[in-house]
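1. Just to be clear, the model below is a prediction. Sequence and coordinates:
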Amino acid sequence: MGLSEFDPAARERVWNSGRKVGAKRALKPRQIWAIRFFLDQHGRTRDRALFDSPSTANCAVVIW
């Protein structure tokens with residue numbers, strides 16, 4: 001049972017085609033500093049607080 005030529009799913013690429021999946025490398029200290037600097041410069045205090053909280057990875061965070 002194949003796909004029809006009229007089936008839109010047969011022509012579309014998968015959204016994560018070619019991307020790395022799974023665990024990623026940890027951020028380097030310089031990258032962490034750059035993220036914090038960016039968030040501070042743009043006044044994004046909520047994002048900075050979420051980035052700094054160590055429990056962010058352990059719980060589901062609601063993005064407003």
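-> The structure has been received and is ready for your questions.
2. Assign Arg30 to helix, strand or coil.
-> Arg30 falls in the helix class when you classify it by DSSP: H, G, I helix; E, B strand; the rest coil.
3. Flag the shaky bits of the protein, pLDDT-wise.
-> Scanning the chain for pLDDT under 70 picks out the ranges 1-3, 5, 8-11, 55-64.
4. That one: helices as residue ranges?
-> For the chain, the helices defined by DSSP state H cover 8-11, 29-41, 45-52.
5. So which residue is dead centre in the protein?
-> Lys24 (10.9 Å; C-alpha atoms, centre = their mean).
6. need the contact list for it.
-> By C-beta atoms under 8 Å, 6 or more residues apart in numbering, the contact set of Lys24 is empty. Every residue, glycine included, has its C-beta placed from N, CA and C.
7. Tell me how far it lies from Gly43.
-> Taking C-beta to C-beta, to the nearest Å as the measure, Lys24 and Gly43 are separated by 28 Å.
8. Now mean neighbour count too, for the helices of the chain, in CSV please.
-> CSV is the format used below for those (neighbours: other C-beta atoms under 10 Å):
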stretch, mean neighbour count
helix 8-11, 8
helix 29-41, 11
helix 45-52, 12
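9. could I get these as a markdown table with distance to Gly18?
-> As requested, the helices of the chain are exported to a markdown table (distance: least, C-beta to C-beta, whole Å):
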| stretch | distance to Gly18 |
| --- | --- |
| helix 8-11 | 17 |
| helix 29-41 | 23 |
| helix 45-52 | 28 |
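10. Fine by me, thanks again.
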